[in-house]
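Got a sequence here, can you build the structure:
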Amino acid sequence: MPFRLHFGGDDLLRCRFAVSPLWETQEAVRTLRRPDRHGYHPHWLRRIREAARGLDLAPLWLLMPRRGHSPDFLGPPPIGPAAVFEDEIAQVRAADPGAARNDLARALADTPGALESSRGRAMLADPGRAVRELADLMEAAWRALVEPEWPRLRALLEADVAFHSRRLAEVGLGALLPELDRRLTWDGRTLTIDWPGEHGRDLDGRGLVLMPSVFSWPDVISGFDPPWQPTLVYPARGLAGLWAPPGTEGGEPLVRLLGRGRAGVLAALSDPATTTALAHRLGLAPSSVSAHLTVLRDAGLLTSRRYGHQVLYERTPLGMALVSGG
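Purely as a prediction, here's the structure:
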């Protein structure tokens with residue numbers, strides 16, 4: 001059953017792209033507790049292992065149910081298109097304790113056992129203190145887990161925004177929205193997300209923030225109650241080539257497994273690309289690249305999706321793991 005966002009005329013004029021270091025920090029913390037996401041970030045997990053051991057992230061994990069509500073005040077939609085962490089964490093610290101208590105109670109209720117835990121009860125008894133301590137912990141997580149990697153993360157996220165901004169100019173919002181992820185469909189007034197459960201929301205003239213994310217990958221996330229602007233978080237393009245150190249993608253083990261031609265095509269897909277672009281990149285005939293892509297896709301190492309008249313290929317999680325050695 002789907003999740004539906006209903007647009008009015010004003011909403012179509014108030015959609016914007018954004019990038020958020022605070023959101024990436026929140027999702028990096030969540031990823032540490034989500035083994036199903038680990039295969040997308042093996043190099044990052046190895047690099048931050050010691051730093052993560054020095055953090056007590058349990059209070060944040062208590063507010064991150066697998067399904068359900070997470071506190072909006074801890075990861076609100078970004079202030080602007082080029083938000084910086086210091087401005088975003090200041091917004092968290094300024095959260096109203098009364099509103100934060102309601103936010104915390106909803107999240108704790110969706111995490112089994114959290115509402116009755118000593119930490120959960122303490123948060124609700126003194127929400128002002130909870131806001132301060134959670135903001136401090138979020139900032140510590142940013143410094144240890146995300147800030148050292150932020151230049152490369154920001155570059156990938158900004159490249160995604162640039163790509164989809166060009167697509168917006170070429171095809172318009174209605175055609176762009178389904179291109180962000182295969183789980184999205186558009187019927188002219190309603191954006192439908194293929195999710196478990198059924199829920200509908202009118203945007204009521206507030207528009208929609210479109211935000212690519214690395215650490216949310218491969219999930220699509222939407223929500224935020226007033227006063228926050230409704231937001232759609234979608235998987236960023238190019239994750240396949242993000243973490244591997246230069247010169248380490250592919251290599252002889254991959255060649256021995258797949259053969260040099262197919263290994264080269266798989267390794268070259270650091271970001272989604274067409275057959276023509278890959279042929280140019282690799283110096284091969286388009287027919288040869290097409291044949292390799294078909295075999296790799298049939299083996300579950302690639303997936304394809306249509307962008308207008310083009311078909312883009314990208315690695316699946318299995319393809320990423322083979323190339324990165326994760």
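
Which residues are in contact with the closest residue to L104 other than its chain neighbours?
Residue nearest to L104 in three dimensions, not counting chain neighbours: M123, with 5.2 Å by Cβ to Cβ, 6 or more residues apart in numbering. Where C-beta positions appear, they are placed from N, C-alpha and C, glycine not excepted. The contact partners of M123, taken as Cβ atoms under 8 Å, 6 or more residues apart in numbering, are P59, L104, L108, A130.

Tell me the secondary structure at the last one.
At A130, secondary structure determined by DSSP: H, G, I helix; E, B strand; the rest coil is helix.

still on that earlier bit, export the contacts of M123 as a markdown table, with columns for distance to W150 and neighbour count.
Supplementary listing: the contacts of M123 in a markdown table, determined by distance: Cβ to Cβ, whole Å; neighbours: other Cβ atoms under 10 Å:
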| residue | distance to W150 | neighbour count |
| --- | --- | --- |
| P59 | 23 | 16 |
| L104 | 28 | 26 |
| L108 | 30 | 24 |
| A130 | 27 | 23 |
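
need those residues in JSON lines with pLDDT, can you?
Formatted as JSON lines, the entries for those read as follows, by pLDDT from 0 to 100:
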{"residue": "P59", "pLDDT": "94"}
{"residue": "L104", "pLDDT": "94"}
{"residue": "L108", "pLDDT": "94"}
{"residue": "A130", "pLDDT": "96"}
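
Just send these back as a markdown table, with distance to D136 too.
As requested, the contacts of M123 are exported to a markdown table (distance: Cβ to Cβ, whole Å):
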| residue | distance to D136 |
| --- | --- |
| P59 | 10 |
| L104 | 16 |
| L108 | 19 |
| A130 | 11 |
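
And those, which is closest to M211?
L104 (23.1 Å; Cβ to Cβ).

helices or strands up against the helix or strand harbouring the closest one?
Here L104, judged by DSSP states H and E, is contained in helix 97-110. In terms of contact count using 3 or more Cβ pairs under 8 Å, 6 or more residues apart in numbering; DSSP states H and E, helix 97-110 is assigned the packing partners helix 118-125, helix 127-141.

Centre of the chain to the edge, which residue is at the far end?
Computed with Cα atoms, centre = their mean, the residue of the chain farthest from its C-alpha average is A285, at 34.4 Å.

Contact partners for it?
By Cβ under 8 Å, 6+ apart, the residues touching A285 are A279.

mind checking the backbone torsions on it?
Backbone torsions of A285, given as degrees, to the nearest 10, read phi -70, psi 140.

and the gap between it and L176?
32 Å (Cβ to Cβ, to the nearest Å).

same question for the longest helix along the chain, mean pLDDT?
Longest helix in the chain by number of residues, with DSSP state H as the criterion: helix 150-171. Per-region confidence: helix 150-171 scores 88 on mean pLDDT.

Does anything pack onto that helix? Which helices or strands?
strand 15-17, helix 21-32, helix 173-180, strand 208-213.

Apart from its chain neighbours, what residue comes closest to L302?
Computed as Cβ to Cβ, 6+ apart, the closest residue to L302 that is not its neighbour in sequence is L296, at 4.6 Å.

List the buried residues for the helix or strand harbouring that neighbour?
Counting by DSSP H and E, the element that carries L296 is helix 286-298. Neighbour-count burial for helix 286-298 flags V289, S290, H292, L293, L296 (criterion: 16 or more other Cβ atoms under 10 Å).

Tell me who's in contact with L12.
With contact taken as Cβ under 8 Å, 6+ apart, L12 is in contact with L173, G207.

With R281 instead?
Applying Cβ under 8 Å, 6+ apart, we find R281 in contact with A268, A273.

Ok, T190 next?
Under the contact definition (Cβ under 8 Å, 6+ apart), the residues listed for T190 are R4, L5, H6, F7.

For the residue nearest to L302, report the pLDDT, please.
In the prediction, the pLDDT value recorded for L296 is 91.
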